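> got a sequence here, can you build the structure:
(one chain, ligands or ions: 1)
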Amino acid sequence: MDTSRSSKAEIVSLIQNEEKSLDDEVQQLEQTLPKEEGWTSGSEKSLYLYQGFWCLARDLKSVISLQKHFQAFDSDVFVATSPKCGTTWLKALTFSTLCRTQYARDEHPLLNSTPHQLVRFLEFDVYLNNPFPDLENICVYKPRIFATHIPYASLPTSIKDSKCKIVYICRNPMDMLISLWNFMGKLRDQIQDPPMSLDEAFDKFYRGIYLSGPFYEHVLGYWKASQENPDKTLFLKYEDLKEDISCQLKKLAMFLGVPFTEDEEKQGVVEEIAKICSFRELKEVQVNKKGLSRFGTPHKDFFRKGQVGDWSNYLTPSMVERLEKLIHEKLDGSGLTFKLSSKTSMA
Ligand SMILES: Nc1ncnc2c1ncn2[C@@H]1O[C@H](COP(=O)(O)OS(=O)(=O)O)[C@@H](OP(=O)(O)O)[C@H]1O
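Numbering: from 1, shown residues only. All right, here's what the predicted structure looks like:
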């Protein structure tokens, strides 16, 4: 919306009209889109299948408004993920890599802000209840870095068409399921919902019914984008980061156009970033231990175990067999594979 020539009253009226038209559109969609019970109780927690992915009614409004209005800059960077695949970690790493010259080494912003405050979600935060956020002033550090769980196909056109960069992280779906089930379990406790059995969670996950699911479509969308244009989309795996964070961090810096210099490497900058963004360190920072995120989740719930292979402590052999078969079917021919190691590792 170009408001450069409008008076304040005209702008207020434009915003009100846009809000009203969005509300009408969402109300209509709620009546027509396929609908399923969400992971917590309450009709507002129902999930709707919008453009092939599952979305809360609250988020439908922000997704539509950012699809309509968001204008990406060539310099922007987007952290794209499915939930529970390493978003918090990749936000911290991307921010620390890109903005490393903008703060003193002993005054890292991650010591006072959560990764979700430094790299804000477009649909759950920036555009939540606000179709025209003040994007000019929203990111203190430059370049602008935003995050999203929206699948590649449904990203605002300007993200796909501009020269901005997208970093994506995926995780083996079995660990993702266990992480999601534990996370939603904590949300259910807070609102006094009875616990959801693992069988029920497995069934929902298997059918792709969770925020931004189905998993395979999400992963394959970004996988194909990274194959077609590797300079625009970088595809990372949680397991690879756990295995060799320095190597993956250098790859990330190179992709973002800010490779570590020889001097930086000698000074241990790579290891410093890896350390401050590690599960062990971030979990202990005060700001990550208390308080709620702007989308209502306790900060501490973004840090649970941070391990590879925790699924083997929960999933039954028949669940594993069914998921392995599904993974095989869905990813067949794509060239994408997951390590399903049951060996756990800590940061
Ligand atoms: N720094 C760091 N290093 C490694 N692992 C980390 C880190 N921070 C968070 N985690 C683990 O990531 C899981 C949460 O996933 P997301 O951050 O994608 O969640 S969310 O989508 O933003 O809600 C969740 O995984 P599980 O422990 O398996 O549940 C977190 O513990």
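> all helices of the stretch 1-150 of the chain, in order?
With DSSP state H, counting those that start in this stretch as the criterion, the stretch 1-150 of the chain has helices at 8-32, 57-69, 87-98, 115-118.
> looking at those, which is buried most?
helix 87-98 (a mean of 25; mean count of other Cβ atoms under 10 Å). Quick note: C-beta positions are derived from backbone N, CA and C, even for glycine.
> now that one, how far from the centre of its chain.
Relative to the chain's own centre, helix 87-98 is displaced by 11 Å; criterion: Cα atoms, centre = their mean, to the nearest Å.
> what does it contact?
When contacts are defined by Cβ atoms under 8 Å, 6 or more residues apart in numbering, helix 87-98 is touched by residues 77, 79, 81, 108-110, 114-116, 118-119, 141, 143, 145, 147, 149, 167, 169, 236, 238, 241, 249, 252-253, 256, 258, 273, 276-277, 279, 282, 302-303, 306.
> give me the subset of those residues touching the ligand.
81, 277, 279, 282, 302-303, 306 (Cβ under 6 Å from any ligand atom).
> could I get those residues as CSV with pLDDT?
Shown next, in CSV, are those (pLDDT from 0 to 100):
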residue, pLDDT
Thr81, 98
Cys277, 98
Phe279, 98
Leu282, 97
Phe302, 96
Phe303, 97
Gly306, 97
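> mean pLDDT added to the helices of the stretch 1-150 of the chain, as a markdown table?
Shown next, in a markdown table, are these (pLDDT from 0 to 100):
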| stretch | mean pLDDT |
| --- | --- |
| helix 8-32 | 89 |
| helix 57-69 | 93 |
| helix 87-98 | 98 |
| helix 115-118 | 96 |
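> could you dump these into CSV and include distance to Pro133?
CSV is the format used below for the helices of the stretch 1-150 of the chain (distance: least, Cβ to Cβ, whole Å):
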stretch, distance to Pro133
helix 8-32, 11
helix 57-69, 9
helix 87-98, 18
helix 115-118, 15
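> Gln267 is nearest to which of those helices?
Closest approach to Gln267 among those is made by helix 87-98 (14.6 Å; Cβ to Cβ).
> and the contacts of helix 87-98, which are buried?
77, 79, 81, 108-110, 114-116, 118-119, 143, 145, 147, 149, 167, 169, 236, 238, 241, 249, 252-253, 256, 258, 273, 276-277, 279, 282, 302-303, 306 (16 or more other Cβ atoms under 10 Å).
> what about the residues you listed, which are in strands?
Cross-referencing the buried ones among the contacts of helix 87-98 against strands under DSSP state E gives 77, 79, 81, 145, 147, 167, 169, 236.
> ok, those vs the ligand, which is closest?
Distance to the ligand, by Cβ to the nearest ligand atom, is smallest for Thr81 among those, at 5.5 Å.
> show me what contacts that closest one?
87, 90, 147, 149, 168-170.
> taking these together, which two end up most distant?
The most widely separated members of these are Ala147 and Cys170, with 14.5 Å between them, by Cβ to Cβ.
> now Glu324: how far from Val63?
According to Cβ to Cβ, to the nearest Å, Glu324 stands 32 Å off from Val63.
> what distance separates the opening and closing residues of stretch 271-287?
End-to-end distance for stretch 271-287, by Cα to Cα, to the nearest Å: 22 Å.
> stretch 196-210 now?
From start residue to end residue, stretch 196-210 stretches across 14 Å - Cα to Cα.
> would you mark the buried spots in it?
Neighbour counts over stretch 196-210 (16+ other Cβ under 10 Å) mark 196, 198, 201-202, 204-206, 208-210 as buried.
> give the bridge partners for the residue positioned nearest the centre of the chain, please.
With distances taken as Cα atoms, centre = their mean, Thr81 lies nearest the centre of the chain, 4.0 Å away. Beta-bridge partners recorded for Thr81 (DSSP bridges): Ile169.
> how much space between it and Ser212?
Distance, Thr81 to Ser212, using Cβ to Cβ: 9 Å.
> for Ala72, same thing?
Taking Cβ to Cβ, one finds Ala72 at 19 Å from Ser212.
> with Ile64 instead?
From Ile64 to Ser212 the distance is 15 Å (Cβ to Cβ).
> what does Val287 give?
For Val287, the distance to Ser212 (Cβ to Cβ) stands at 26 Å.
> who has more neighbours out of these two?
Taking other Cβ atoms under 10 Å, Val287 and Ser212 do not tie; Ser212 has more neighbours (23 against 15).
> my guess is the more buried one meets Cys55, correct?
Yes. Contact criterion Cβ atoms under 8 Å: Ser212 and Cys55 qualify, at 7.4 Å.
> what residues are shared contacts of the two?
With Cβ under 8 Å, 6+ apart as the test, Ser212 and Cys55 reach no residue in common.
> sorry, back to before: which residues are common contacts for Thr81 and Ser212?
With Cβ under 8 Å, 6+ apart as the test, Thr81 and Ser212 both reach His149.
> contacts for the helix or strand that Glu321 is a member of, please.
Here Glu321 sits within helix 317-331, counting by DSSP states H and E. Taking contacts as Cβ under 8 Å, 6+ apart, the residues outside helix 317-331 that touch it are 173-174, 177, 202, 206, 216, 220, 311, 315, 337-338, 340.
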